[in-house]
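Participant: sequence-free structure coming up:
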């Protein structure tokens, strides 16, 4: 597995990746519907390149054998509040290999140890059992449910809110 930034010049690769897993990814993630083609992918990647420059978000791809199979991101980063919201997606062919857990571990380590983030949030649909399992494997704490907080494909989803604080992250990692 290789984790590296997703940049606007990778738009065609990202669009092809989303095409391979659009329905699977799109069950819970609006990202899949937003990337209809390479131009749409380029717009999203440009937005995240701008977020990276402004220090308000980041996006990385996950490659296996030089094929983009998924990604992780900080949808938001707020250095004044020392918070970030992490997320992920994966195409079906890459599921069950621990790629997301490894990738999210790497970005949380970076956020906590290099950037001084104190709290990392993880929001997921209550129906997204795979994402909930990632939050649990990461040692996050379930804080509650925001009822009908996310409208996706015409359906309102209850969203679980998970988080990990820097001292908890370090203790779990070092323990």
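Facilitator: Received the coordinates, thanks. Bear in mind the structure is a predicted one, so any value in this text is a computation, not a measurement.
Participant: packing partners of the host helix or strand of residue 24?
Facilitator: Element membership of residue 24, judged by DSSP states H and E, is helix 11-26. On a contact count with 3 or more C-beta pairs under 8 Å, 6 or more residues apart in numbering; DSSP states H and E, helix 11-26 meets helix 31-34, helix 38-54, strand 67-78, strand 83-90. Every C-beta, even on glycine, is put in place using the N, C-alpha and C of the backbone.
Participant: tell me the angle of that helix relative to strand 83-90?
Facilitator: On the basis of axes from the mean of the first three to the mean of the last three C-alpha atoms, to 10 degrees, helix 11-26 is oriented at 90 degrees to strand 83-90.
Participant: show the average pLDDT along helix 11-26.
Facilitator: Averaging pLDDT along helix 11-26 yields 97.
Participant: which residues are in contact with it?
Facilitator: With contact meaning C-beta atoms under 8 Å, 6 or more residues apart in numbering, helix 11-26 is reached by 6, 31-33, 35, 37-42, 44-45, 61, 67-70, 89-93, 153.
Participant: not counting residues beside it along the chain, what's closest to residue 135?
Facilitator: Ranked by C-beta to C-beta, 6 or more residues apart in numbering and with sequence neighbours excluded, the top spatial neighbour of residue 135 is residue 162, at 4.0 Å.
Participant: assign residue 97 to helix, strand or coil.
Facilitator: Recorded secondary structure, residue 97: coil (DSSP: H, G, I helix; E, B strand; the rest coil).
Participant: what comes up buried for stretch 79-86?
Facilitator: Going by neighbour count (16 or more other C-beta atoms under 10 Å), the buried part of stretch 79-86 is 82-86.
Participant: distance to residue 12 added to those, as a markdown table?
Facilitator: Conversion of the buried residues of stretch 79-86 to a markdown table gives the following (distance: C-beta to C-beta, whole Å):
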| residue | distance to residue 12 |
| --- | --- |
| 82 | 36 |
| 83 | 33 |
| 84 | 29 |
| 85 | 28 |
| 86 | 26 |
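Participant: now the helix holding residue 24 against helix 38-54, angle please.
Facilitator: Going by the same axes, to 10 degrees, helix 11-26 makes 90 degrees with helix 38-54.
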